[in-house]
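Student: sequence first, then the predicted structure:
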Amino acid sequence: MNIIVAGVKKEVPENTTVKELIYLENVETPDYVTVSINDEFLMKAQQETTVLREGDNVEFLYFMGGGC
Amino acid sequence: MAFSNEQLERYARHIILKEIGVKGQKKLLNGSVLIIGAGGLGAPAAMYLAAAGVGTIGIVDADVVDLSNLQRQIIHAMKDIDKPKVISAKETMEEMNPDVKVNAIQAFVSSENILELIEPYDFIIDGTDNFPAKFLINDACVMAKKPFSHAGIIRFKGQLMTYVPGQGPCYRCVFHEPPPKNAVPTCKEAGVVGAMGGVIGSLQAMEAIKYLTGVGDLLAGRLMTYDAIKMEFRTIKLPHDTSTCPVCGENPTITELIDYEQAACELK
Ligand SMILES: [Zn+2]
(Lines give C-alpha, C1' and ligand atoms only; values in the text may rest on other atoms or scores of the structure.)
Protein backbone atom coordinates (compact mmCIF):
# COMPACT_ATOMS: atom_id res chain seq x y z
CA MET A 1 0.00 0.00 0.00
CA ASN A 2 1.08 3.56 -0.57
CA ILE A 3 1.59 6.16 2.13
CA ILE A 4 3.39 9.48 2.28
CA VAL A 5 6.36 9.80 4.62
CA ALA A 6 7.92 13.24 5.06
CA GLY A 7 6.32 14.35 1.83
CA VAL A 8 7.56 11.38 -0.21
CA LYS A 9 5.36 8.60 -1.55
CA LYS A 10 6.41 5.21 -0.16
CA GLU A 11 5.21 1.67 -0.61
CA VAL A 12 4.96 -0.32 2.62
CA PRO A 13 3.49 -3.76 3.39
CA GLU A 14 -0.18 -3.96 4.40
CA ASN A 15 -0.75 -3.69 8.16
CA THR A 16 2.54 -1.91 8.84
CA THR A 17 2.43 -0.27 12.25
CA VAL A 18 3.87 3.15 13.04
CA LYS A 19 6.51 1.51 15.19
CA GLU A 20 7.55 -0.70 12.26
CA LEU A 21 7.66 2.32 9.97
CA ILE A 22 10.00 4.09 12.40
CA TYR A 23 12.43 1.19 11.95
CA LEU A 24 11.83 0.85 8.19
CA GLU A 25 12.74 4.51 7.86
CA ASN A 26 15.89 4.13 9.99
CA VAL A 27 14.90 6.93 12.34
CA GLU A 28 18.11 7.77 14.22
CA THR A 29 16.46 8.14 17.62
CA PRO A 30 13.48 5.75 17.38
CA ASP A 31 12.49 6.27 21.01
CA TYR A 32 12.59 10.04 20.73
CA VAL A 33 10.64 11.13 17.72
CA THR A 34 7.23 12.76 17.51
CA VAL A 35 4.95 11.29 14.87
CA SER A 36 2.03 13.01 13.22
CA ILE A 37 -0.43 11.22 10.95
CA ASN A 38 -2.71 13.28 8.74
CA ASP A 39 -1.88 16.38 10.82
CA GLU A 40 -2.72 14.77 14.17
CA PHE A 41 -0.15 13.92 16.81
CA LEU A 42 0.12 10.23 17.66
CA MET A 43 0.87 9.48 21.30
CA LYS A 44 4.04 7.47 21.77
CA ALA A 45 2.09 4.69 23.52
CA GLN A 46 0.04 4.22 20.35
CA GLN A 47 2.96 3.74 17.95
CA GLU A 48 2.94 -0.01 18.38
CA THR A 49 -0.79 -0.50 17.99
CA THR A 50 -1.50 2.02 15.25
CA VAL A 51 -1.71 0.38 11.83
CA LEU A 52 -1.11 2.59 8.82
CA ARG A 53 -3.76 2.92 6.14
CA GLU A 54 -3.55 3.59 2.43
CA GLY A 55 -2.84 7.27 1.77
CA ASP A 56 -1.76 8.15 5.32
CA ASN A 57 0.45 11.21 5.53
CA VAL A 58 3.17 10.58 8.13
CA GLU A 59 5.63 13.14 9.46
CA PHE A 60 8.51 12.54 11.83
CA LEU A 61 9.37 15.52 14.03
CA TYR A 62 12.89 15.20 15.40
CA PHE A 63 14.42 16.59 18.54
CA MET A 64 17.03 19.14 17.57
CA GLY A 65 18.70 20.69 20.57
CA GLY A 66 21.75 22.29 19.05
CA GLY A 67 22.27 25.99 18.83
CA CYS A 68 25.77 26.13 20.12
CA MET B 1 10.30 60.65 16.55
CA ALA B 2 11.69 61.94 13.28
CA PHE B 3 14.50 60.17 11.49
CA SER B 4 17.89 61.84 11.21
CA ASN B 5 19.48 62.03 7.75
CA GLU B 6 21.87 59.34 8.85
CA GLN B 7 18.99 57.06 9.83
CA LEU B 8 17.21 57.71 6.54
CA GLU B 9 20.35 56.59 4.77
CA ARG B 10 21.10 53.66 7.08
CA TYR B 11 17.60 52.20 6.77
CA ALA B 12 16.97 53.23 3.15
CA ARG B 13 16.56 49.62 1.96
CA HIS B 14 13.92 49.00 4.62
CA ILE B 15 12.14 52.30 4.13
CA ILE B 16 11.80 51.69 0.38
CA LEU B 17 9.94 48.42 1.03
CA LYS B 18 6.20 49.02 0.91
CA GLU B 19 5.68 46.44 3.67
CA ILE B 20 8.08 48.21 6.05
CA GLY B 21 8.50 51.88 5.10
CA VAL B 22 9.00 54.65 7.66
CA LYS B 23 6.26 53.20 9.86
CA GLY B 24 7.79 49.75 10.00
CA GLN B 25 11.26 51.11 10.66
CA LYS B 26 9.86 53.08 13.60
CA LYS B 27 8.31 49.88 14.91
CA LEU B 28 11.71 48.21 14.73
CA LEU B 29 13.41 51.10 16.53
CA ASN B 30 10.74 51.00 19.23
CA GLY B 31 10.83 47.21 19.40
CA SER B 32 12.75 44.91 21.68
CA VAL B 33 14.02 41.35 21.27
CA LEU B 34 15.66 39.08 23.82
CA ILE B 35 18.14 36.57 22.41
CA ILE B 36 18.91 33.67 24.72
CA GLY B 37 22.25 32.14 23.73
CA ALA B 38 25.04 34.07 21.97
CA GLY B 39 26.18 31.03 20.01
CA GLY B 40 25.66 29.55 16.55
CA LEU B 41 22.05 30.71 16.25
CA GLY B 42 22.16 33.77 18.49
CA ALA B 43 25.19 35.33 16.79
CA PRO B 44 23.71 35.85 13.31
CA ALA B 45 20.27 36.62 14.76
CA ALA B 46 21.76 39.34 16.98
CA MET B 47 23.78 40.85 14.14
CA TYR B 48 20.86 41.07 11.72
CA LEU B 49 18.56 42.51 14.38
CA ALA B 50 21.16 45.10 15.35
CA ALA B 51 21.75 46.00 11.72
CA ALA B 52 17.98 46.23 11.18
CA GLY B 53 17.71 48.82 13.94
CA VAL B 54 15.76 46.89 16.55
CA GLY B 55 15.96 49.50 19.29
CA THR B 56 16.57 47.27 22.30
CA ILE B 57 18.27 43.90 22.13
CA GLY B 58 18.90 41.78 25.20
CA ILE B 59 21.40 38.96 24.98
CA VAL B 60 21.81 36.26 27.61
CA ASP B 61 24.67 33.76 27.85
CA ALA B 62 26.87 32.59 30.70
CA ASP B 63 29.89 31.54 28.63
CA VAL B 64 33.15 33.04 27.50
CA VAL B 65 34.34 32.93 23.90
CA ASP B 66 36.39 29.86 22.99
CA LEU B 67 38.47 29.27 19.86
CA SER B 68 36.17 26.40 18.83
CA ASN B 69 33.24 28.86 18.75
CA LEU B 70 34.71 30.92 15.92
CA GLN B 71 33.87 28.30 13.26
CA ARG B 72 30.27 29.53 13.42
CA GLN B 73 29.68 32.27 16.01
CA ILE B 74 30.45 35.15 13.70
CA ILE B 75 29.65 37.87 16.25
CA HIS B 76 32.92 37.01 18.05
CA ALA B 77 36.51 37.29 16.79
CA MET B 78 40.04 36.29 17.83
CA LYS B 79 40.38 39.36 20.03
CA ASP B 80 37.35 38.20 22.04
CA ILE B 81 38.69 34.84 23.20
CA ASP B 82 38.09 34.39 26.94
CA LYS B 83 35.78 37.43 26.98
CA PRO B 84 32.19 36.87 28.13
CA LYS B 85 30.14 36.15 25.00
CA VAL B 86 27.52 38.73 25.88
CA ILE B 87 30.17 41.47 26.16
CA SER B 88 31.75 40.48 22.86
CA ALA B 89 28.28 40.38 21.25
CA LYS B 90 27.34 43.78 22.69
CA GLU B 91 30.55 45.35 21.36
CA THR B 92 29.98 43.97 17.86
CA MET B 93 26.34 45.08 17.77
CA GLU B 94 27.10 48.58 19.06
CA GLU B 95 29.88 48.96 16.51
CA MET B 96 27.41 48.00 13.78
CA ASN B 97 24.65 50.36 14.82
CA PRO B 98 24.67 53.10 17.47
CA ASP B 99 20.85 53.24 17.37
CA VAL B 100 20.67 49.95 19.24
CA LYS B 101 20.71 49.64 23.00
CA VAL B 102 22.15 46.27 23.98
CA ASN B 103 21.52 44.73 27.38
CA ALA B 104 24.21 42.13 28.03
CA ILE B 105 23.23 39.60 30.66
CA GLN B 106 25.92 37.11 31.63
CA ALA B 107 23.86 34.31 33.17
CA PHE B 108 22.37 30.87 32.67
CA VAL B 109 18.60 30.93 32.35
CA SER B 110 16.74 29.13 35.12
CA SER B 111 13.31 29.01 36.69
CA GLU B 112 14.57 31.73 39.04
CA ASN B 113 15.36 34.38 36.44
CA ILE B 114 13.61 33.52 33.17
CA LEU B 115 10.29 35.33 33.73
CA GLU B 116 12.08 38.46 34.83
CA LEU B 117 14.42 38.26 31.84
CA ILE B 118 11.71 37.94 29.20
CA GLU B 119 9.24 40.38 30.75
CA PRO B 120 10.52 43.65 29.17
CA TYR B 121 10.80 42.25 25.64
CA ASP B 122 8.36 42.04 22.72
CA PHE B 123 9.80 38.87 21.17
CA ILE B 124 12.15 36.14 22.37
CA ILE B 125 14.66 34.14 20.34
CA ASP B 126 15.70 30.74 21.67
CA GLY B 127 19.26 30.21 20.51
CA THR B 128 20.18 27.83 23.30
CA ASP B 129 21.94 24.53 22.84
CA ASN B 130 20.20 22.24 25.30
CA PHE B 131 16.75 20.81 25.95
CA PRO B 132 16.33 21.92 29.58
CA ALA B 133 16.73 25.54 28.43
CA LYS B 134 14.46 25.05 25.43
CA PHE B 135 11.62 23.66 27.57
CA LEU B 136 12.17 26.35 30.19
CA ILE B 137 11.95 29.11 27.59
CA ASN B 138 8.84 27.53 26.08
CA ASP B 139 7.03 27.18 29.39
CA ALA B 140 7.99 30.69 30.51
CA CYS B 141 6.86 32.22 27.22
CA VAL B 142 3.55 30.32 27.38
CA MET B 143 2.98 31.45 30.98
CA ALA B 144 3.96 35.06 30.25
CA LYS B 145 2.12 35.07 26.89
CA LYS B 146 5.26 36.03 24.96
CA PRO B 147 5.89 35.06 21.35
CA PHE B 148 9.16 33.26 20.68
CA SER B 149 11.14 31.53 17.98
CA HIS B 150 12.44 28.03 18.67
CA ALA B 151 15.31 26.64 16.62
CA GLY B 152 17.74 23.77 16.66
CA ILE B 153 20.68 22.82 14.47
CA ILE B 154 22.84 19.73 14.14
CA ARG B 155 25.19 18.43 11.44
CA PHE B 156 23.64 19.55 8.13
CA LYS B 157 20.13 19.97 9.51
CA GLY B 158 18.08 22.61 11.22
CA GLN B 159 14.53 23.29 12.35
CA LEU B 160 12.49 26.20 13.60
CA MET B 161 9.00 27.13 14.68
CA THR B 162 7.37 30.22 16.11
CA TYR B 163 5.06 30.27 19.08
CA VAL B 164 2.51 33.02 19.20
CA PRO B 165 0.05 32.85 22.11
CA GLY B 166 -3.30 31.55 20.89
CA GLN B 167 -2.05 30.86 17.37
CA GLY B 168 -1.05 27.24 17.42
CA PRO B 169 1.00 24.71 19.32
CA CYS B 170 3.88 25.43 21.66
CA TYR B 171 7.19 23.56 21.68
CA ARG B 172 5.92 21.24 24.40
CA CYS B 173 2.82 20.35 22.33
CA VAL B 174 5.23 18.88 19.78
CA PHE B 175 8.03 17.47 21.90
CA HIS B 176 6.38 16.82 25.32
CA GLU B 177 9.48 16.69 27.55
CA PRO B 178 13.27 16.78 27.28
CA PRO B 179 14.84 13.50 26.14
CA PRO B 180 17.12 11.86 28.71
CA LYS B 181 20.73 12.97 28.81
CA ASN B 182 22.69 11.58 25.83
CA ALA B 183 19.59 10.05 24.17
CA VAL B 184 19.71 12.56 21.34
CA PRO B 185 23.04 13.70 19.87
CA THR B 186 24.18 17.24 20.58
CA CYS B 187 26.04 19.45 18.13
CA LYS B 188 29.16 19.24 20.26
CA GLU B 189 29.26 15.46 19.84
CA ALA B 190 27.82 15.24 16.35
CA GLY B 191 29.15 18.44 14.81
CA VAL B 192 27.42 21.19 12.88
CA VAL B 193 28.29 23.13 9.74
CA GLY B 194 28.93 26.72 10.79
CA ALA B 195 26.75 28.16 8.05
CA MET B 196 23.78 26.25 9.48
CA GLY B 197 23.65 28.78 12.31
CA GLY B 198 23.63 31.51 9.68
CA VAL B 199 20.71 29.94 7.79
CA ILE B 200 18.52 29.16 10.78
CA GLY B 201 19.57 32.06 13.04
CA SER B 202 18.83 34.49 10.20
CA LEU B 203 15.37 32.95 9.80
CA GLN B 204 14.81 33.54 13.52
CA ALA B 205 15.81 37.20 13.04
CA MET B 206 13.38 37.34 10.12
CA GLU B 207 10.55 36.08 12.33
CA ALA B 208 11.37 38.75 14.94
CA ILE B 209 11.38 41.47 12.26
CA LYS B 210 8.06 40.24 10.87
CA TYR B 211 6.53 40.09 14.32
CA LEU B 212 7.66 43.61 15.23
CA THR B 213 6.52 45.12 11.93
CA GLY B 214 3.39 42.98 11.60
CA VAL B 215 4.41 41.91 8.10
CA GLY B 216 3.51 38.54 6.59
CA ASP B 217 2.75 35.13 8.04
CA LEU B 218 4.72 33.85 11.00
CA LEU B 219 5.84 30.25 11.35
CA ALA B 220 3.13 29.58 13.92
CA GLY B 221 1.45 26.19 13.71
CA ARG B 222 4.20 25.00 11.39
CA LEU B 223 7.63 23.48 11.80
CA MET B 224 10.21 24.35 9.18
CA THR B 225 13.03 21.92 8.55
CA TYR B 226 16.16 22.44 6.49
CA ASP B 227 18.31 19.63 5.16
CA ALA B 228 21.48 21.02 3.57
CA ILE B 229 22.56 17.65 2.18
CA LYS B 230 19.37 17.33 0.13
CA MET B 231 19.20 21.12 -0.13
CA GLU B 232 15.58 21.00 0.89
CA PHE B 233 13.37 23.18 3.04
CA ARG B 234 10.08 21.70 4.21
CA THR B 235 7.25 23.25 6.16
CA ILE B 236 5.33 20.69 8.17
CA LYS B 237 1.85 21.63 9.28
CA LEU B 238 1.51 20.98 13.01
CA PRO B 239 -1.68 19.61 14.55
CA HIS B 240 -3.99 22.41 15.57
CA ASP B 241 -5.44 20.88 18.71
CA THR B 242 -3.47 22.10 21.72
CA SER B 243 -6.19 21.41 24.29
CA THR B 244 -4.38 18.52 25.97
CA CYS B 245 -0.95 20.18 26.22
CA PRO B 246 0.33 20.17 29.81
CA VAL B 247 1.40 23.80 29.58
CA CYS B 248 -0.60 25.64 26.89
CA GLY B 249 -3.70 23.38 26.97
CA GLU B 250 -7.09 23.87 28.55
CA ASN B 251 -6.22 22.32 31.90
CA PRO B 252 -2.48 22.81 32.32
CA THR B 253 -0.71 20.47 34.73
CA ILE B 254 2.56 22.37 34.46
CA THR B 255 1.93 25.59 36.31
CA GLU B 256 5.40 26.16 37.67
CA LEU B 257 8.68 26.35 35.81
CA ILE B 258 10.89 23.28 35.83
CA ASP B 259 14.70 23.17 35.99
CA TYR B 260 15.50 19.93 34.19
CA GLU B 261 18.95 18.51 34.71
CA GLN B 262 21.38 20.48 32.60
CA ALA B 263 22.42 18.09 29.86
CA ALA B 264 23.21 18.19 26.17
CA CYS B 265 25.87 20.39 24.69
CA GLU B 266 28.10 21.09 27.63
CA LEU B 267 29.30 24.20 25.92
CA LYS B 268 32.82 24.42 24.58
ZN1 LIG C 1 1.51 23.41 24.16
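Tutor: Nice, I can see it. Numbering: from 1, shown residues only, chains lettered A, B, ... in the order given.
Student: all helices for the stretch 1-150 of chain B, in order.
Tutor: When secondary structure is read from DSSP state H, counting those that start in this stretch, the stretch 1-150 of chain B shows helices at B:5-10, B:12-15, B:21-30, B:42-52, B:85-96, B:114-118, B:131-144.
Student: ok and the residue in the stretch 1-150 of chain B nearest chain A?
Tutor: When CB to the nearest CB is the measure, the stretch 1-150 of chain B has its nearest residue to chain A at B:D129, with 3.5 Å between them. The way it works is simple: take the backbone N, C-alpha and C, and place the C-beta from them, glycine included.
Student: show me what contacts the spatially closest residue to that residue that is not a sequence neighbour?
Tutor: Spatial nearest neighbour of B:D129, chain neighbours left out: A:C68 (3.5 Å); criterion: CB to CB, 6 or more residues apart in numbering or on different chains. By CB atoms under 8 Å, 6 or more residues apart in numbering or on different chains, the contact set of A:C68 is B:G37, B:G39, B:G40, B:D129, B:T186, B:C187, B:K188, B:V192, B:C265, B:L267.
Student: name the residues of chain A found near chain B, please.
Tutor: Counting by CB under 8 Å from any CB of the partner chain, chain A comes close to chain B at A:6-7, A:28-29, A:31-32, A:34, A:36, A:39-41, A:44, A:59, A:61-68.
Student: show me what the worst-scoring helix or strand of chain B on mean pLDDT is packed up against.
Tutor: Every helix and strand of chain B was ranked by mean pLDDT, DSSP states H and E. The lowest is helix B:187-190, at a mean of 84. Contacts defined by 3 or more CB pairs under 8 Å, 6 or more residues apart in numbering or on different chains; DSSP states H and E place helix B:187-190 against strand B:148-154.
Student: how about residue 27, what does it touch?
Tutor: Went with chain A since none was named. Neighbour list for A:V27: A:V33, A:F60, A:Y62 [criterion: CB under 8 Å, 6+ apart].
Student: that answer is for a different chain, and I need it for chain B
Tutor: When contacts are counted by CB under 8 Å, 6+ apart, B:K27 is found next to B:L212, B:T213, B:G214.
Student: please list only the buried members of the residues you listed.
Tutor: Neighbour counting by 16 or more other CB atoms under 10 Å in any protein chain shown classes B:L212, B:T213 among the contacts of B:K27 as buried.
Student: packing partners of the one helix or strand B:G201 maps to?
Tutor: When secondary structure is defined by DSSP states H and E, B:G201 falls within helix B:194-213. Judged by 3+ CB pairs under 8 Å, 6+ apart, helix B:194-213 is in contact with helix B:21-30, helix B:42-52, strand B:123-126, strand B:148-154, strand B:157-163, strand B:222-227.
Student: so what angle separates the directions of it and helix B:42-52?
Tutor: With axes from the mean of the first three to the mean of the last three CA atoms, to 10 degrees as the criterion, the two stretches helix B:194-213 and helix B:42-52 enclose an angle of 40 degrees.
Student: residues contacting the residue of the stretch 1-150 of chain B found nearest the ion?
Tutor: Closest approach of the stretch 1-150 of chain B to the ion (CB to the ion) occurs at B:V142, with a separation of 6.6 Å. Contacts here follow CB under 8 Å, 6+ apart; on that basis B:V142 touches B:Y163, B:P165, B:C170, B:R172, B:V247, B:C248.
Student: return the most buried member of the helices of the stretch 1-150 of chain B.
Tutor: Compared across the helices of the stretch 1-150 of chain B, helix B:42-52 shows the largest average neighbour count, a mean of 26 (mean count of other CB atoms under 10 Å in any protein chain shown).
Student: quick one, that helix and helix B:21-30 angle?
Tutor: 130 degrees.
Student: mind giving me the packing neighbours of helix B:42-52?
Tutor: Using 3+ CB pairs under 8 Å, 6+ apart, the elements in contact with helix B:42-52 are strand B:32-36, strand B:56-60, helix B:85-96, helix B:194-213.
Student: so where's chain B shaky on pLDDT?
Tutor: Across chain B, the stretches falling below the confidence threshold (pLDDT under 70) are B:262-268.
Student: rerun that using 50 as the cut-off
Tutor: By pLDDT under 50, the low-scoring segments of chain B are B:263-268.
Student: helices of chain A, start to end?
Tutor: In chain A, helices defined by DSSP state H lie at A:18-24, listed in chain order.
Student: the bottom helix or strand of it by mean pLDDT?
Tutor: Taking mean pLDDT, DSSP H and E as the measure, the helices and strands of chain A show their lowest mean at strand A:40-42, namely a mean of 93.
Student: what sits up against that one?
Tutor: For strand A:40-42, using CB under 8 Å, 6+ apart, the contacting residues are A:V18, A:T34, A:V35, A:S36, A:T50, B:C173, B:V174, B:P239, B:D241.
Student: the third one: neighbour count?
Tutor: Going back to what we said before, that points to A:V35. Burial of A:V35, expressed as a neighbour count using other CB atoms under 10 Å in any protein chain shown, amounts to 21.
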